[in-house]
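Chemist: Here is my input; please provide its structure:
(chains A and B)
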Amino acid sequence: MTSVLEPPVLLPEDPRPIASGALRRPARTDGFWSWITSIDHKRVGIMYGVTAMTFFVIGGFEALLIRLQLASPNGRILDANAYNEVFTMHGTTMVFLVVMPLGAAFMNYLIPLQVGARDVAFPRLNALSYWLFLFGGLFLYSSVFLGGMPNGGWFGYAPNTSIVYSPGHNIDFWIGGLLITGIASTVGAVNLITTCLNMRAPGMGLFRMPVFTWMALVTQFLLLFALPVITIALFLLMFDRNFGANFFNPANGGDPVLWQHLFWLFGHPEVYIMIMPAFGIVSEVIPTFSRKPLFGYKVMVFSGIAIGFMGWGVWVHHMFAVGLGPVSITAFSISTMFIAVPTGVKIFNWIGTMWKGSLRFTSAMLFAVGLVSMFTIGGLSGVTHSVSPHDRQQTDTYYIVAHFHYVLFGGAVFGIFAGIYFWYPKVFGQLLDERLGKVHFWLWIVGFNLTFAPHHILGLQGMPRRIYTYPEGTGWDFWNMVSTVGSFIIALGLLVFFANVRRTDKRHKRDHLTVEADPWDARGLEWSTPSPVPAYNFIESPEIHAVDDWWHRKYTEDEDGRMQRLDDYDKAKASAEEHLKPGQAVHLPSPSFYPIIAAAAIFVAMFGVVYGRSAGANYAITGLGVLVLVCTLIAWALEPSTEPDDALVDADADRLLGLAPAGSAQAELGSGDGGGDQPALTSGGSSGGGAG
Amino acid sequence: MGVRRPSSLRSAAVAVCCLAILGAGCAADTPQNTFDPEGPFSRSVDDLIKPVFLIAAVVFVFVEGLIVYAMFRFRRRSEEDRPEQIHGSTKFELAWTIAPALILVFVGVITVSKIFYLDRQFKDAMQVEVIGHQWWWEYNYKDGDGKTFVAAANELHIPVGRKVQLNLTSADVIHNYWPPKLAGKIYAIPGRRNHMTIQADKADFYYGECAEYCGLSHANMRLRVVSESQADFDRWVEANSPDRPSFSYPIVGSDDQATASEEAKGHTLFLQKGCSGCHAVNGVARGAVGPNLTYFNSRATFAGAIFENDNDNLRAWLRDPPSEKPGSLMPKLNLSETEITSLIAYLRTLGDPGLRGAPVPSGVAAGPPQP
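Modeler: Residues are numbered from 1 along each chain as shown, chains lettered A, B, ... in the order given. Alright, predicted model coming up:
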C-alpha cells in the first residue's frame, strides 16, 4: 500500500507562532525542550544514536577493565564480585543499550526517508520507544548507586539468578531494565512495520524498496516476535524472585533449563536483530562507492527473509552441552549449518558488487568492506560451532567470545560506523574529515584483530568464559596480554572518531560550511533531500519508477550497460537542494509531552517492583507509576496526532506556525510569549533549527 | 593501466602468515589444551574438527583473497570511470548457494555419527556420580548395586584405558564439567541427570575447570582427573573405602593441652570449632555441606582443586577461607596459629599421601597413625 504526501499549503498573510506553555501542546522546534517533546523521526533517530554512543563508551570502559584484569594471571584490578558485575554490564550494555539502539537510530532516521514518507506511522509511539530506551538504560545503571550492578551474566541463567543464589537487588535491576527497554523495541517494531508496509511513496512496490529498508523490515518482524519471549522469561524470573513462584526451581518441580530455552529462543533471533541493520547499511554503502548496483537485489532480499525465518530454528546451538539428547542436538546442528548458506550468499553478493566496479575508499567504504571481511571470519568460526561434538570443547570458552566479537564488533559495529560516516552529512549537514576517518579505521582493524584473534587460541587452549582470573601455569599469559594491548588500540581509534566529530563541528561553524544534498553521488531517496534534512523530509511525494530511483534520475545505462549521465543530471541535483518556498508550509504531526511522561511513569513503577520485594509497602510506588501511566495513555489517545491548526512548518526556519488570523485571542497570546518569536530564525549557514 | 598482480600473492602470503601464527599459538602445549587429546572421546572430536578447520581455512583464504584482490584490482583510476552496471547473475547465485550447501552436507554427515557416539552409555563403564557444588566437585563412585564405594572430591581417579561414565547433577546452580584433554564439557544441572563417558590413554594428570558461570568463585572451581594403572587405582579405592572408620582420638580438655599430641588437639578442635557441622569424616563427623574429609590427605589439591595440598596453602586457607576464595561458604573461624598447627596435624592423618598420584610436598607425609 502506498500513500501520497499531502502537498504544501499556502500560509495566510500573517501567521503567528503558537504559544507554548505548561498545559498547552508543545510547539517549540528549537532549544532543549523541543527535543524532549519532539516526535520527529529524525530527532528520535539522533537521540537514539547519541545515547547509544554514550553507552558504547561506558561499555567500552567495562571492556577495558576486563582486559586489564585478565592481562596477566592473578590480576588484582577487580575482585571477583566487581569483575562479575563488570562483565555482566559489558554484555548487557553492548547488546541492549548499544548495538540494538544504534540499529534503531539508523532505522528510525532512514526508513521514512527511504520510502518517501514524512514520518513514521505513529510518531508519538516512536518518541516513546526512545524515552523507554533511555530510561531502561538509566534504570539498569542506577544499580551502581543502589546496592550493586547486575552480576548474573547478560544471559542470566537460573538458578544462579534465583533469589537463593542472588539475594541482593542486582538481578532485579537487570530484570527491570530489560523489561523497560523491551517495551521500547516491541512498540518500535509495530511502528516501523506499519511504516514500511503502509507509507511508501507512489510507485514503490515492495521490490523497489532499498535493501536497507528490507533488512530493517526483517529486523522489525524479528523484534516483534522475539521480545515477547524474553519478556515472558523475565516475568517468570521476577515471579520466582518476588512472589515465590518455582518456574526455574527444581526443588519444587521447576526446571532451570526452561530459562535457557526461553532466553535463547529470544537470544538467537536477537543476534540477527543486531546484524541485519548493519547488513542493510553495507548494502547501501558498497554500491554507492562501487558505482554499481547491488549485485543480486532479489537474492539479497530473499536471503535476509530466509535468515529471519531460519533464525528461529537454531537456538539450541547455544545449549549443545546441556545434555538434551542426541536427536535434538543433531537437528539443531544441521539447522545451524544451513543458516550459513543464506548468510554466505550475502558475502558473495557484496564482493560481486565490488567486482568490476570503480571503488572509492572513503571511510564509509572501508568500514563496509571491513564488515564483509571480518564477518566472514566470524561466520566461519560459527560454522565450526555447528559441529556440535566439537562444540562441547568450544562452548563456554574464549573461542565463542572470539566468534561473537567478530560478528558483532567486526560485523555490526563496523557496519554501523560505515553508516555513520556515510549518512553523517545527510543528518548533520557536515562532512567528517576523511583522513581522520581512515586513521580510525586502520586503528580499529589492527586493534580489533589484535584483541579478538587471540581469543580463538585461548579458548581452544582451555580458557573458559566469565572467569575473573586464572592462575600461573595455564599457558594463557601471552595471548591475554596481546589481547589487552589490542583493546587499548580500539579505545584510541574511538577517541580519534570523537576528535573528528568535534573538529568537524568547529570547522563547519567557523567557516560557515554547508554540504550538498548528495555529496557521495549516491543511490537512495534520502539523497534527494537537502543536507541536513528539513523537518518535512520531502516537499512533494516522489514518484518511484525503479529500485534506486534517485540514481536513475541522474544516470542511465548505455548500450554496453555502462553507467551514463543523463541530461537531466544537473536538474535532478538542483532539485535535491530545494526547500519550501516562502509562503509555503506543510502539515506535520505535532510534538507531545505524553511519550516522555509515559516512559517516566514506567521507570518509576519499576523501582517499586525492585523494592517491593524488600517491603510490600514499596509496591505503592508501582501503583503510582501505573496510575500515572494509565492517565497518560488516556490523555494521549484523546490528543490528536496532529493539531489541526498548528502543525505547519515553513520554509524559513522549520518552525511551527499557527493559522490563527491576526487579532484573535490565540494570536495575542502568541506575541507575548517570547518562546516562538526569535530563536527559530537562524540562517541557513549554521546547522539550522530544522536539523532533523 | 597495469594490473597489480602481486596483490593476490601478497594476500595469500598474509593469510599463510596468519595461519602460521595461529598454528604456533595452537601448537604450544598447555595443561587444558583441546588440541592435545589423550583419550578416545576427545580424540574423536578433535579428528572430526580437523577437516572442518581445514575447509574453513581454505574458504577464509579464498574469500579474503577475493576481497583484497577486488580492493586493488578495481580501485577507482579516474573520476571518468564508468563501470558496467551488472545487476546480478543467476549462474553465480546458484554456484555460491549450492557449493557451500554441499560442503555443509559433508560436514553434517561426518558430524551426526559422532553426536550419537558421544552420547553412548557403555555397559562395562565404571559409574561415578559427579555433583557440582559452589565451588567444588564431589565424586561418588558407585558399584553395580548403586552403592557408593568411594566418596571423593576435587580429583577424579580413574584407571588407565577404562571407560568411566560420569553421571552429573548439581547441588545448587548450574555447573559445567570440563577436562579438555579427555572430553568436551557437559552441564551439571540441579534436578537433572546428565551422562558423559571419559577414558584416558595413559597415566597422567588432566586439568580442567567448571565452564559455566556459577557465581562468585566460578574461576576457582577447578578439577583434576588422575588416571593411573589398575593396580594403583585399586589401592586408592581400597584406601578410600567409606566403611573404614577414621582413627578416633580422645577429646583433649584444657588440662591435657600440654601433654596431648598435636593430632589429638586438632581432632578436638575439629569437633569443637564447628568443622564437623559441614564436613564428614568416617566415624567422627557427618556434615554434608563441604567435601568429605576422610581422605583429605590422599588428595593432591583442595578448595576446589585450586591449591596444592601443602602446609603453607592449608595454613593460609584455615586462617581466612573467604579471602583465599571469594564467596567461600567456609567462614573465617578466627583460629590462632597454634590451633591451625594442631588442625593441620590432624588433617594430615586423614588419608595416605602416597595415593595422590602426584609428588608429595614436604611436611604432609604424616599419614594415618599406627595403632
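Chemist: Give me the contacts around the helix or strand hosting A:Met606.
Modeler: Element membership for A:Met606 (DSSP states H and E) is helix A:594-612. Applying C-beta atoms under 8 Å, 6 or more residues apart in numbering or on different chains, the contact partners of helix A:594-612 are A:36-37, A:39, A:124-125, A:127-128, A:130-132, A:134-136, A:138-139, A:169, A:172-173, A:176, A:179-180, A:183, A:238, A:242, A:618-626, A:628-629, A:632-633, A:635-636, A:639. Using the backbone N, CA and C atoms, a C-beta is placed for each residue, glycine as well.
Chemist: and whichever helix or strand comes after it, what does it pack onto?
Modeler: Sequence order places helix A:619-638 as the next helix or strand after helix A:594-612, per DSSP H and E. The elements that helix A:619-638 packs onto, with contact taken as 3 or more C-beta pairs under 8 Å, 6 or more residues apart in numbering or on different chains; DSSP states H and E, are helix A:594-612.
Chemist: Over to B:His87: give its phi and psi.
Modeler: With angles defined as degrees, to the nearest 10, B:His87 sits at phi -90, psi -20.
Chemist: returning to what we had before: quick one, which of the contacts of helix A:594-612 are buried?
Modeler: Buried subset of the contacts of helix A:594-612 (neighbour count, 16 or more other C-beta atoms under 10 Å in any protein chain shown): A:36-37, A:39, A:124-125, A:127-128, A:130-132, A:134-136, A:139, A:169, A:172-173, A:176, A:179-180, A:183, A:238, A:242, A:618-619, A:621-622, A:625, A:628-629, A:632, A:636.
Chemist: Helix, strand or coil: sort out the residue nearest the centre of chain B for me.
Modeler: In chain B, the centroid-proximal residue (C-alpha atoms, centre = their mean) is B:Gly208; its distance is 2.0 Å. For B:Gly208, the secondary-structure state derived from DSSP: H, G, I helix; E, B strand; the rest coil is strand.
Chemist: ok, it to chain A distance?
Modeler: Per C-beta to the nearest C-beta, to the nearest Å, B:Gly208 is found 8 Å from chain A.
Chemist: That residue pairs with what?
Modeler: B:Leu223 (DSSP bridges).
Chemist: can you pull the contacts of it?
Modeler: B:Gly208 makes contact with A:Gly462, B:Gln32, B:Tyr177, B:Trp178, B:Pro179, B:Pro180, B:Leu182, B:Arg222, B:Leu223, B:Arg224, B:Val225, according to C-beta under 8 Å, 6+ apart.
Chemist: where does B:Asp124 fall, phi/psi-wise?
Modeler: Main-chain torsions, B:Asp124, degrees, to the nearest 10: phi -90, psi 10.
Chemist: Could you list the low-confidence segments of the stretch 51-200 of chain B?
Modeler: Within the stretch 51-200 of chain B, no stretch has pLDDT under 70.
Chemist: So which residues of it form helices?
Modeler: B:90-119 (DSSP state H, counting those that start in this stretch).
Chemist: Same check on the stretch 401-550 of chain A?
Modeler: Applying DSSP H, counting those that start in this stretch to the stretch 401-550 of chain A gives helices spanning A:414-428, A:434-460, A:477-511, A:549-552.
Chemist: Serialize these to JSON lines and add fields for distance to A:Glu62 and mean pLDDT.
Modeler: Shown next, in JSON lines, are those (distance: least, C-beta to C-beta, whole Å; pLDDT from 0 to 100):
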{"stretch": "helix A:414-428", "distance to A:Glu62": "19", "mean pLDDT": "98"}
{"stretch": "helix A:434-460", "distance to A:Glu62": "14", "mean pLDDT": "98"}
{"stretch": "helix A:477-511", "distance to A:Glu62": "11", "mean pLDDT": "97"}
{"stretch": "helix A:549-552", "distance to A:Glu62": "41", "mean pLDDT": "96"}
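Chemist: Tell me which of those sits most buried.
Modeler: Of all these, helix A:414-428 carries the top mean neighbour count, a mean of 25, counting by mean count of other C-beta atoms under 10 Å in any protein chain shown.
Chemist: Would you mind getting the angle between that helix and helix A:434-460?
Modeler: 150 degrees (axes from the mean of the first three to the mean of the last three C-alpha atoms, to 10 degrees).
Chemist: Just the C-alphas of helix A:414-428, formatted as PDB.
Modeler: Output of helix A:414-428 as PDB, limited to C-alpha atoms (Å, rounded to 0.1, in the frame of the first residue of the first chain):
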ATOM      1  CA  PHE A 414      31.900  -1.800  11.700                       C
ATOM      2  CA  GLY A 415      28.700  -1.700   9.600                       C
ATOM      3  CA  ILE A 416      27.200   0.900  12.000                       C
ATOM      4  CA  PHE A 417      30.300   3.100  11.600                       C
ATOM      5  CA  ALA A 418      30.100   2.700   7.800                       C
ATOM      6  CA  GLY A 419      26.600   4.100   8.200                       C
ATOM      7  CA  ILE A 420      27.800   6.900  10.500                       C
ATOM      8  CA  TYR A 421      30.500   8.100   8.000                       C
ATOM      9  CA  PHE A 422      28.100   7.700   5.100                       C
ATOM     10  CA  TRP A 423      25.000   9.400   6.400                       C
ATOM     11  CA  TYR A 424      26.700  12.000   8.700                       C
ATOM     12  CA  PRO A 425      26.500  14.700   6.000                       C
ATOM     13  CA  LYS A 426      22.800  14.000   5.500                       C
ATOM     14  CA  VAL A 427      21.900  14.100   9.200                       C
ATOM     15  CA  PHE A 428      24.100  16.900  10.400                       C
END
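Chemist: now the helices of the stretch 401-550 of chain A in a markdown table, with distance to chain B?
Modeler: Converted to a markdown table, the helices of the stretch 401-550 of chain A look like this (distance: least, C-beta to the nearest C-beta, whole Å):
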| stretch | distance to chain B |
| --- | --- |
| helix A:414-428 | 13 |
| helix A:434-460 | 4 |
| helix A:477-511 | 6 |
| helix A:549-552 | 10 |
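Chemist: need the residues of the stretch 51-200 of chain A near chain B, please.
Modeler: Within the stretch 51-200 of chain A, the positions near chain B by C-beta under 8 Å from any C-beta of the partner chain are A:Asp79, A:Ala80, A:Asn81, A:Asn84, A:Gly152, A:Gly153, A:Tyr157, A:Pro159, A:Asn160, A:Tyr165.
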